[in-house]
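> Just to be clear, the model below is a prediction. Sequence and coordinates:
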Amino acid sequence: MLGSAPMPTPMNFSRHKSTNIGEPLADPTPFRRLLGRLIYLTHTRPDITFVVHHLSQFITTPTTLHHQASMRILRYLKHHPGQGIFFDSISNLQLKAFCDSDWAGCPTIRRSITGYIIYISNYPICWKSKKQQTVSRSSSEAEYHAIASATCEIQWLHHLVQDLKIDHQRLSILYCDNLSTIQIASNQVFHERTKHIEIDCHLIREKIKQGVIKLLHINTHHQQADILTKLSPLLFSTIL
């Protein structure tokens, strides 16, 4: 790949990959080996997390299209070889997080995609892009599952810093771009349409009441977790 042309984005955003497009690979071992290395690389390159997660769904029966997509990731890495995470030695310990979901983002089984990224000060320490375990009946439900996942991760980080005897501000900021989910979180009365997400509602409200998180709205254009849930070249170039 040394002589290949670099690419500004890690994936062709015009279409989703699926299992029924392209010819099956005669030997899928190189594709699986490369994908394993890319999964390891996501520990320091959150910008390729969503793409690697997307291709990991086809690791059992990869096709020529999936192989081409993996080669594009390498061409993207060639375009940004020095991209990574920088940690300053002087920073506060305030935790803040961005969470988002792509409702029915999977074209095959229509499950939503959860994405969140957690910062300590201005430095990312934890991020995730994963398909939800159940099919969400509304965008609010998908968003609530994403908020619940991010809340549990924040709670775990609070326990971690406490075990390390580190003084920190207990209240963490969680940004969400869906106003309806924020209103449900602040409303103490359950409605008929929210019964299917009642457990997540109780969890989030409990953590808000305990002062673990503070749920705030953020404009979609500033939602940094979008890069972990959606195939959008505009969002990708703006956030990076």
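On my side now, so go ahead.

> So the chain: which segments form each domain?
1-84, 95-239 (automatic domain parsing).

> center of the chain - which residue?
G115 (2.5 Å; C-alpha atoms, centre = their mean).

> Over to T60. Which of the three states is it?
coil (DSSP: H, G, I helix; E, B strand; the rest coil).

> so who does it touch?
For T60, no contacting residues are found, by C-beta atoms under 8 Å, 6 or more residues apart in numbering. Using the backbone N, CA and C atoms, a C-beta is placed for each residue, glycine as well.

> same question, S112
S112 neighbours (C-beta under 8 Å, 6+ apart): 101-106, 131-132, 135-136, 142, 145-146.

> Quick check: closest non-adjacent residue to F50.
Closest residue in space to F50, ignoring its immediate chain neighbours: S129 at 4.6 Å, by C-beta to C-beta, 6 or more residues apart in numbering.

> would that neighbour count as being in a strand?
Yes: when three-state DSSP is applied, S129 is found to be in a strand.

> I figured it hits T49, correct?
Yes: assessed by C-beta atoms under 8 Å, S129 is found in contact with T49 at 4.9 Å.

> remind me which residues of the protein are low pLDDT?
13-20, 169, 187-198, 231-240 (pLDDT under 70).

> residue ranges of the strands in it, please?
Along the chain, counting by DSSP state E, strands occupy 95-102, 113-120, 123-131, 172-176, 213-217.

> before we move on, the earlier item: list the beta-bridge partners for the residue nearest to the centre of the chain.
D100, S129 (DSSP bridges).

> Against Y175, how distant is L203?
18 Å (C-beta to C-beta, to the nearest Å).
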